[in-house]
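>>> Just a sequence and a predicted model for now, questions to come.
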Amino acid sequence: MSLDPLQHDSEDSRADDEVFSLYAQEEAVIRRAEGMIEQLDMVSDGVKTLADAYRIGYRETVRLVRISDRMQLELHQANRILSAQAEDLKQLNDALRKEIKRRERLEHELRRIASIDALTGVHTRRYVLELAEYEQRRLMRHGKGFVVFMMDLDHFKRINDQFGHAAGDQLLQDFGQLLRSSLRKSDIAGRFGGEEFLALLPETDLGTAEAVAERLCEQTRAFRSPWKETHLRMTVSIGLAEVGGEEPLERAISRADQALYEAKSAGRDRVVTYSPAPAR
Ligand SMILES: Nc1nc2c(ncn2[C@@H]2O[C@H](COP(=O)(O)OP(=O)(O)OP(=O)(O)O)[C@@H](O)[C@H]2O)c(=O)[nH]1
């Protein structure tokens with residue numbers, strides 16, 4: 001509706017129209033205001049809901065941040081503990097490695113002590129028998145044999161009685177050296193006990209073994225061991241026997257021992273090779 005007065009016929013109807021129009025405008029304004037109030041209420045509700053949600057979200061965020069902080073602290077502490085444990089483990093590992101090395105050295109030393117006769121430097125009886133067993137199996141595979149020497153220093157009791165036990169020890173030591181130097185590296189020499197020695201000569205024929213034994217006998221006879229203002233002398237008796245096939249080593253040792261007994265009986269300072277007693 002227009003408010004232009006030129007478009008109306010009478011003053012009254014114009015006044016009525018104006019009143020009506022004002023009323024309608026007022027109505028419209030009121031309706032718009034009410035609408036706006038409603039919208040404002042809705043906006044306010046929305047803001048309130050958002051604020052509530054934000055408050056909840058904020059609290060949750062704060063809670064999560066606190067948890068995260070605590071977790072970070074715990075992780076940091078756990079990390080420190082793990083680092084300390086790793087360092088402890090490293091030290092333990094180092095200590096273990098050192099201990100293993102120490103034990104290996106000890107084991108090596110024990111094996112050396114068990115295998116080498118401390119006085120004479122040749123092998124111990126037990127070790128010779130161990131080596132012999134292994135050697136015998138090896139030679140059997142190749143169809144080869146070896147020769148056993150049983151050796152005994154002559155009248156050793158007299159040396160001890162005349163010069164004392166220390167002099168006897170010195171001669172035992174000297175004989176150990178003579179024995180080692182007169183044999184090949186592949187031969188096995190040992191102290192059987194007291195003043196008795198044995199040697200195994202693998203892959204050696206009887207003739208060669210006899211020559212080796214004779215040479216050792218001569219070297220022993222010629223040897224002089226300085227002792228105080230004088231010198232010590234010694235001789236050795238040697239019995240030889242061949243080890244054949246699969247026979248137990250003890251049997252061959254026993255034959256070499258018989259030959260040694262013969263060497264002693266025949267006057268000592270000599271080599272005797274075992275030969276079976278002639279059948280009657
Ligand atoms: N010094 C010393 N003497 C030892 C050792 N082992 C054994 N004997 C001595 O060697 C001597 C061996 O004496 P016997 O068995 O009678 O033999 P032997 O006097 O050599 O006489 P035959 O063997 O018949 O020539 C004993 O007096 C033992 O005490 C040792 O390690 N050191």
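Thanks, I have it.
>>> just checking, residue 123 touches residue 190?
Yes: using Cβ atoms under 8 Å, residue 123 is in contact with residue 190, at 3.9 Å. Every C-beta, even on glycine, is put in place using the N, C-alpha and C of the backbone.
>>> So these two - more neighbours on which side?
More crowded of residue 123 and residue 190, by other Cβ atoms under 10 Å: residue 190, with 25 against 22.
>>> one step back: show me whatever sits in contact with both of residue 123 and residue 190.
residue 117 (Cβ atoms under 8 Å, 6 or more residues apart in numbering).
>>> Where does the stretch 1-150 of the chain get nearest to the ligand, residue-wise?
Here the stretch 1-150 of the chain gets closest to the ligand at one residue, residue 119, 6.1 Å apart by Cβ to the nearest ligand atom.
>>> is it true that that residue touches residue 173?
Yes: at 5.9 Å, residue 119 and residue 173 qualify as touching, with contact defined as Cβ under 8 Å.
>>> Give me the contacts around stretch 176-190.
Outside stretch 176-190, the residues that touch it by Cβ under 8 Å, 6+ apart are 117, 119-125, 127-128, 131-132, 135, 151, 191, 197-204, 212, 215-216, 219-220, 223.
>>> Return the distance of it from the chain's centre.
34 Å (Cα atoms, centre = their mean, to the nearest Å).
>>> Show me the helices in the stretch 51-200 of the chain, by range?
Assigned helices in the stretch 51-200 of the chain, in chain order: 125-141, 156-163, 165-182 (criterion: DSSP state H, counting those that start in this stretch).
>>> CSV for the ones you listed, including distance to residue 84?
CSV is the format used below for the helices of the stretch 51-200 of the chain (distance: least, Cβ to Cβ, whole Å):
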stretch, distance to residue 84
helix 125-141, 49
helix 156-163, 66
helix 165-182, 57
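>>> Out of those helices, which one sits most buried?
For the helices of the stretch 51-200 of the chain, average neighbour numbers computed from mean count of other Cβ atoms under 10 Å are highest in helix 165-182, which has a mean of 17.
>>> can you tell me the average pLDDT over that helix?
For helix 165-182, mean pLDDT is 97.
>>> what do you get for stretch 242-251?
For stretch 242-251, the per-residue pLDDT averages 83.
>>> for that stretch, which positions count as buried?
242, 243, 249 (16 or more other Cβ atoms under 10 Å).
>>> Centroid-nearest residue for the protein?
Residue closest to the mean C-alpha point of the chain, counted by Cα atoms, centre = their mean, is residue 100 at 6.1 Å.
>>> gap between it and residue 86?
According to Cβ to Cβ, to the nearest Å, residue 100 and residue 86 sit 21 Å apart.
>>> Contact residues of this protein facing the ligand?
152-157, 160, 165, 168-169, 172, 194-195, 264, 268 (Cβ under 6 Å from any ligand atom).
>>> Recalculate using a threshold of 8 Å.
The chain comes close to the ligand at residues 119, 152-161, 165-169, 171-172, 193-195, 237, 264, 268, as judged by Cβ under 8 Å from any ligand atom.
>>> Pull the number of nearby residues for residue 65.
Using other Cβ under 10 Å, residue 65 has 10 other residues around it.
>>> same check, this time on residue 150
Residue 150 has 26 neighbouring residues, counting by other Cβ under 10 Å.
>>> Before we move on, what's the pLDDT of it?
As predicted, residue 150 sits at a pLDDT of 98.
>>> What segments of the stretch 101-250 of the chain are strands?
Secondary structure of the stretch 101-250 of the chain (DSSP state E, counting those that start in this stretch): strands at 123-124, 146-153, 188-193, 196-202, 225-227, 230-232, 236-243.
>>> how about those strands in CSV, adding distance to residue 64?
What follows is the strands of the stretch 101-250 of the chain, written out as CSV (distance: least, Cβ to Cβ, whole Å):
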stretch, distance to residue 64
strand 123-124, 77
strand 146-153, 86
strand 188-193, 81
strand 196-202, 83
strand 225-227, 94
strand 230-232, 96
strand 236-243, 88
